[in-house]
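A.B. asks: Have a look; sequence and predicted model below, questions after that.
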Amino acid sequence: MRIEEMFKTGKPVLSFEIFPPKRNRELEEIDDTLKVLCELEPDFISVTFGAGGRGISSRTVELAKKIRRDYHVEPLVHLTCLNYTKQEICEILNELEAAGLENILALRGDRNPDVEPKQDFQYASDLVKFIREYGGFHISGACYPEGHTEAKNRIQDIRNLKHKVDEGVTHLVSQLFFDNEFFYGFQEKARIAGIDVPIEAGIMPVINKAQIERMVSLCGASLPAKFQRIMSKYENRKEALFDAGMAYAVSQIVELLANDVDGIHIFTMNNPKVAKRICTEIRNLI
Ligand code: FAD
């Protein structure tokens, strides 16, 4: 099923994000995680893709095939473009088409200072155009409630996003954020700019301090004072930090749902306990 169709039911969409096991590990190692995630009946599961430079991330496609074949859940395949040629992207699209995988999250990918980009694609919007012209796929895109780290300013970032949507994106998934006000402000500006596609809110439940510091340094999300207080109070007590992190994520989600968000996308970090705990808490809200 195409992801854009899932937003037509009138109910908020619930989705999970996972990453494939490393190349030297068996793909089957993720089965224990997938079993739990799929029992929670998400609308779709998205699978991350390497930014490239070290060969094509065929593991992503393998895992997406597995989710569809063994668990009958719709996968959303992430695809980055900065470090790939048109020929390489075309080969991946051929493979996805042959496997009947029709949903792609089209991304630029982060710049890697050690890898010279291939020059065929500058921005995600170039990839969106390429996929649209190839035909037959639903295309999702990424968006940034606090603005993308490289953007000149948020206005330009929104204009660039509008261009990406106009090229063929029919659903957006947001970067993580810990203060819902950023999401509401962004969503309002996006709507004013004429971006009318569903926008899913990306939620990263915190389970350890190092994980959050790494993510925040990569994506530039700000940490509200109340969140920082929780981290410093419980950072050395694993179970307490887990409980507090889940409670924080649940309170974000409850408020977003009360404000009629189009969907919730949980960055599960391949931790089924996280997804289960959150879904149990919000089971009557969706
Ligand atoms: P773009 O939409 O191209 O935007 C990148 C920057 O370029 C922005 O600052 C934008 O304002 C600017 N820009 C866009 N168009 C123009 C233009 N025409 N002229 C000038 N400036 C322009 N990375 C991975 O490697 N693998 C993954 O699986 C992955 N999954 C992700 C999932 C989500 C939900 C999100 C939010 C991010 C994910 N990323 C992933 C990270 C993503 O690749 C980076 O954030 C990357 O830096 C930007 O990708 P993008 O697709 O948003 O780029």
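C.D. replies: In hand now; what should we look at?
A.B. asks: ok, which stretches of the stretch 51-200 of the chain are strands?
C.D. replies: For the stretch 51-200 of the chain, the strands defined by DSSP state E, counting those that start in this stretch cover 74-80, 103-107, 138-143, 171-176, 199-203.
A.B. asks: Save the ones you listed as JSON lines, and put in mean neighbour count and distance to residue 95 too.
C.D. replies: Where C-beta positions appear, they are placed from N, C-alpha and C, glycine not excepted. Output for the strands of the stretch 51-200 of the chain, formatted as JSON lines (neighbours: other C-beta atoms under 10 Å; distance: least, C-beta to C-beta, whole Å):
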{"stretch": "strand 74-80", "mean neighbour count": "24", "distance to residue 95": "10"}
{"stretch": "strand 103-107", "mean neighbour count": "25", "distance to residue 95": "12"}
{"stretch": "strand 138-143", "mean neighbour count": "24", "distance to residue 95": "17"}
{"stretch": "strand 171-176", "mean neighbour count": "24", "distance to residue 95": "22"}
{"stretch": "strand 199-203", "mean neighbour count": "25", "distance to residue 95": "26"}
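A.B. asks: Would you mind writing the CA trace of stretch 17-37 as CSV?
C.D. replies: Coordinates of the C-alpha atoms in stretch 17-37 are reproduced here as CSV (Å, rounded to 0.1, in the frame of the first residue of the first chain):
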residue,chain,number,x,y,z
GLU,A,17,12.2,3.4,12.1
ILE,A,18,14.8,0.7,12.3
PHE,A,19,18.3,0.3,10.8
PRO,A,20,19.7,-2.9,9.2
PRO,A,21,22.2,-5.1,11.1
LYS,A,22,25.9,-4.5,10.2
ARG,A,23,27.2,-6.3,7.1
ASN,A,24,29.1,-8.9,9.2
ARG,A,25,25.9,-9.8,11.1
GLU,A,26,23.1,-12.1,10.0
LEU,A,27,20.0,-10.3,8.8
GLU,A,28,18.0,-12.8,10.9
GLU,A,29,19.4,-11.2,14.0
ILE,A,30,16.7,-8.6,13.7
ASP,A,31,13.8,-11.0,13.8
ASP,A,32,13.3,-10.8,17.6
THR,A,33,13.0,-7.0,17.2
LEU,A,34,10.7,-7.2,14.2
LYS,A,35,8.4,-9.7,15.9
VAL,A,36,7.7,-7.3,18.7
LEU,A,37,7.5,-4.3,16.4
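A.B. asks: ok, and for it, which residues are buried?
C.D. replies: In terms of neighbour count (16 or more other C-beta atoms under 10 Å), stretch 17-37 has its buried residues at 17, 18, 19, 20, 21, 30, 33, 34, 36, 37.
A.B. asks: Work out for me the element the last one sits within.
C.D. replies: It stands for residue 37. helix 31-39 (DSSP states H and E).
A.B. asks: Show me what the residue nearest to residue 199 when sequence neighbours are not counted is bridged to.
C.D. replies: Excluding its sequence neighbours, the residue lying closest to residue 199 (C-beta to C-beta, 6 or more residues apart in numbering) is residue 172, at 4.7 Å. For residue 172, the beta-bridge partners are residue 141, residue 199 (DSSP bridges).
A.B. asks: and residue 172, how far is that from residue 218?
C.D. replies: Distance of residue 172 to residue 218, given as C-beta to C-beta, to the nearest Å: 19 Å.
A.B. asks: And residue 86, by the same measure?
C.D. replies: 27 Å.
A.B. asks: how about the residues of the stretch 101-250 of the chain that lie near the ligand?
C.D. replies: 107-110, 123-125, 142, 148, 150-151, 157, 160, 163-164, 173, 175, 202 (C-beta under 6 Å from any ligand atom).
A.B. asks: what about residue 86 and residue 218, which has more around it?
C.D. replies: Per other C-beta atoms under 10 Å, whichever of residue 86 and residue 218 has more neighbours is residue 86, with 14 against 11.
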